[in-house]
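Peer 1: Have a look at this prediction, sequence included:
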Amino acid sequence: MYKLIQEIFGGFIVTLKHAFRPRDTIQYPEQRKARSERFRGRIVLTKDPDGQERCVSCYLCSSVCPVDCIDIQGTEDENERRYPAKFDINFSRCILCGLCEEACPTLAIQLTQDYEFCSTNREKLLYHKEDLLIDGTGKHPDYSFYHHAGVPIKGKAIGDNPDEQKPVDVYTNLP
Amino acid sequence: MGKFYIDDQEVNFEPGQNVLQAALKAGINAPYFCYHEALGSAGACRMCTMELEPTKEGENSRLVVTCLQAAQDGQRYRLNKGIGDHVRQGVVEYYMTRHPHDCPVCDEAGDCQLQDMTILSHHTYRRFKGAKRTYMDQPMGPLIYNTANRCITCYRCTRFYQDYALGDDFGVYASGNRTTFRRSEEGHFDSPFSGNLIDVCPTGTFTDKVFRRKFSRTWQLEKNESICGHCSVGCHTEPGGRDNSLRRVHPFPNTKVNAHFICDRGRFGEHFSEANDRPLSAQINGVVVDNQKALDHIKDILTKSAGRIGILSSPDEDVSCHYALANIAEHFNGLFSPFVMPQTEDRTAAALALSRNTPSLTDIETADGAIIVGALTETAPMMDLAVRQLIKAGKTVHMLHASPTLLADIVRKQHPDQIHQAAPKNWAQIISSFDASHEAEEMGPNLFANLDTGKRIIILGVAVEMDIASMHALHDLCQAFENKQLTVQLGFALNGANATGSAMISAQYPSKQLLDAVRKKEIDTLMVCGADPFGFGAADWLPAREHIKQLIVFDNVNSPTLQIADVILPHATWSERRGISINYEGRIQGFNHAYQRAGTLTAVNLATALIGISANNFYEQQHNNIETLTGLNELHYNGCQCLNLHTQFEGRAEANQVSIDTNKDSVQVVRLTWHGGSNKASYATALASIKPWKDNIIYLHPDTAKRLQLNAETKLKLGNPTNANDNPINRSGMDQAFPIILNDNVAVDCLALTRTTLHHVGHLVNAIIPIDKLSIIAKEG
């Protein structure tokens, strides 16, 4: 009998204790939780420090994507700089795994802190390039792929990179 | 036949094989850069290094470059187990000290041997902190893009371009650490095989410039083995498409036809399907409608005019297309023909009937001598590449030609006496004088006098340039050589990829029947598929245009005929459909679509819509038909079976032998063509932009100019052409006078004209014009 009473009141005591503890739940959307720095939310395409598109449409993100939600068609502008003519991400498929960000050799595709982009319309979840491209460098303020690549673009000739020698003169045999 | 071991795995080899070759054949993942099956070993890259175990006690193991090491019985190699792996890692690390950080923007990535080998050798980080060596990129025309920094100096490109394809405008520059590979000057390559540099290069130094602006990674392309539809050789290709468009064409290696390479016409010419003006939707009287509506409309027209219908296909279309259209024609009680001109049909059938033991490309490469008649490079470039292997091996190659051809330039450089230039009207006579039985000098050159009995020679003719008499002369020449105990193989390069299949079908559906019916006004509805009867070089059809009330054109290029059509239907290209093609040897080759393009139709779709035959029934019927026609039981479409050309075309060499006017006071019109100038490939914009000849200009030999008293200040007017029935033809260029350009490579008494010029003036290829009909006009100003 004593044991029975102890169990009932013991349960009440636990409940009472929890009533005065700090809450684990928060009042979303009025209150928001702080997210980790590595949080993987909505995907954006960033630009390099010169304000040019970073994406060179190498197709690595679309290839690595486990759910095949990225569709790209690359092309080249008159300055021989490559860019995606089409860059679509279907967010109704995307699982925000971040593999695309990991694969991106130019640090163009980045996952942001934003996760509030649900919709009742699937069409609206198909993001095109104009929806994805932001005016900024994102997490990597300094990196510009073309400052390291060997290909020339307008304003950067062959041999202009800090880790490149000047072009070889192929018409001389002098040392 | 012996065996050696790699990491304890048994590898069988044939005598003469090297270790790497045998290992690759056995399916071992052995690393290499500079070795290539067709180009052989160079030992330049040191990537195939393996460790050879000692055979005797007391000896040490040693490192060997396996592409230079002849395979020997019982040897034991270590590939992954010994220090070889460490050495290869060092080799790749050395290459990577200079290789730019380009993979994301490099078209080769994904298809790149350097990437594969780097991963295979476990190299990951660049430890070298020094600066990278750089080169200026060289502009190489509209087809190939050069990024010189990426080169790892494996020498495969020059070994292909100079040693294999005998080109001389590209080579090695500088020396030692600064070695690079480039053309002597900026601009496009002269060789018709330059596109192979893209495949041969193990890095991204040479990439496909046409592919560049619509680039996709290799694994994203829809690919399939297909057959090239641009000449009668029928090479196996692998077109890659994506999103309703063709992106690139690669060779599909097969030992039966093209072992490794394809020509630029096959690689870049297939991009005619991407031309901006390609018809991609059905049109009725200039109004775009959907395909079903157009098909219903056509069904109405055909039903109404049943009995007065003609259907015209072309040798550029495959056998399935011909059969489907022939079925439609028969259903509506009309006439069908796979050839536009009876002349072409006769020549093609005669060439096939006179072929003797037709040589395959491999047969050509391994022969002991050759006689070439006509512009072979410009008609069937891959045959030319095979003949170049003969020239490289120092074999005698004689050449008879009228219009400029690249192969003649190569023969001329080495043996100017083996080049014979003459107008086609004189060819029969000249070929007879080649007769090997004549010993006397004055009877003409005694060819191959130094060849021993039992050796094999190849004779190749270009059917479109030859008259039937000269084909017979070539056939008689074979007999003469055989009397001298030489083996002879005679083959003809034909006009049209499926010329053989078309000629086979035309026995039942002769073109003369259709053309006569059109002339007699018995036909008022004409459906044209792939052909161009009112366009280039088809003068016989033009006067008939006014009798045709309804012109239905089913095509994939914006041809002159399509521009005047009443109803247009979009046709799928060879890469976009299924079909069967028969090449110049009589080899039966099936192909299937590599990618699909929405909105296009095939002839089988047409048959289904118009006469209600289901696709399955159609293919079954077609299979039985071909079996009956060819006499082949258990027909396969994998290219293993060849038609017996001799029995198939028996008796068709005698037809319509036109007597040739060898009148001295006349000049002959010859076609001026180039390796990218086939019917369809000439619509491929990038390839067409490097066309070497100008339109509306007459090219002739300086001696002809002297004889006609022409100089740079005068123009030449060709007079009024007539068709076979002596009706004058009205053409825009008829009254036009053309400026002349002197060219040593045009035969004397010949006027060389491009296809477009021929179209303007209305003259036929090989037309003979008496000198008194020509008029010379002084240039104004």
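Peer 2: Here it is on my side, so go on.

Peer 1: hey, let's count contacts and neighbours off CA atoms from now on
Peer 2: Fine.

Peer 1: Nearest the geometric middle of chain A, what residue?
Peer 2: A:Gln110 (1.6 Å; Cα atoms, centre = their mean).

Peer 1: now the strands for chain A?
Peer 2: Secondary structure of chain A, counting by DSSP state E: strands at A:43-45, A:70-76, A:82-90, A:109-111, A:126-127, A:164-167.

Peer 1: The closest residue to B:Lys484 other than its chain neighbours: neighbouring residues, count only.
Peer 2: Of all residues not flanking B:Lys484 in the chain, B:Thr453 sits nearest, at 6.9 Å (Cα to Cα, 6 or more residues apart in numbering or on different chains). Here the number of neighbours of B:Thr453 (other Cα atoms under 10 Å in any protein chain shown) works out to 13.

Peer 1: interface residues of chain A facing chain B?
Peer 2: Residues of chain A found near chain B (Cα under 8 Å from any Cα of the partner chain) are A:56-59, A:73-76, A:82, A:105, A:148-151, A:158-159, A:162-173.

Peer 1: Among those, the buried ones, what's the PyMOL command?
Peer 2: Buried residues within these, by 16 or more other Cα atoms under 10 Å in any protein chain shown, are selected in PyMOL with:
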select buried, chain A and resi 56+57+58+59+73+74+75+76+82+105+148+149+150+151+158+159+163+164+165+166+167+168+170
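
Peer 1: Identify the residues contacting the residue nearest to B:Lys484.
Peer 2: B:484-486 (Cα atoms under 8 Å, 6 or more residues apart in numbering or on different chains).

Peer 1: If any of those residues are buried, give me the PyMOL selection for them.
Peer 2: Buried members of the contacts of B:Thr453, defined by 16+ other Cα under 10 Å, are picked up in PyMOL with:
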select buried, chain B and resi 484+486
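
Peer 1: Which one of the contacts of B:Thr453 is nearest to chain A?
Peer 2: B:Leu486 (50.0 Å; Cα to the nearest Cα).

Peer 1: I'd say that closest one and B:Asn450 touch.
Peer 2: No: using Cα atoms under 8 Å, B:Leu486 is not in contact with B:Asn450; the gap is 11.4 Å.

Peer 1: Could you pull up the mean pLDDT of stretch A:149-164?
Peer 2: What stretch A:149-164 shows for mean pLDDT is 89.

Peer 1: ok, residues contacting that stretch?
Peer 2: For stretch A:149-164, contacts defined as Cα under 8 Å, 6+ apart pick out A:79-81, A:146-148, A:165-167, B:100-102, B:130-136, B:147, B:149.

Peer 1: The closest residue in space to A:Arg40 that isn't next to it in sequence pairs with what?
Peer 2: Using Cα to Cα, 6+ apart and skipping the chain neighbours, the partner closest in space to A:Arg40 is A:Leu111 (5.2 Å). Bridge pairing for A:Leu111 (DSSP bridges) gives the partners A:Ile43.

Peer 1: Just to check, A:Leu111 is in contact with A:Glu102?
Peer 2: No: counting by Cα under 8 Å, A:Glu102 is not a contact partner of A:Leu111; they are 10.0 Å apart.

Peer 1: Look at these two and report which has more neighbours.
Peer 2: Using other Cα under 10 Å as the criterion, A:Leu111 and A:Glu102 rank with A:Leu111 on top: 23 against 15.

Peer 1: tell me the contacts of that one?
Peer 2: Contacts of A:Leu111 by Cα under 8 Å, 6+ apart are A:39-44, A:96, A:98, A:101.
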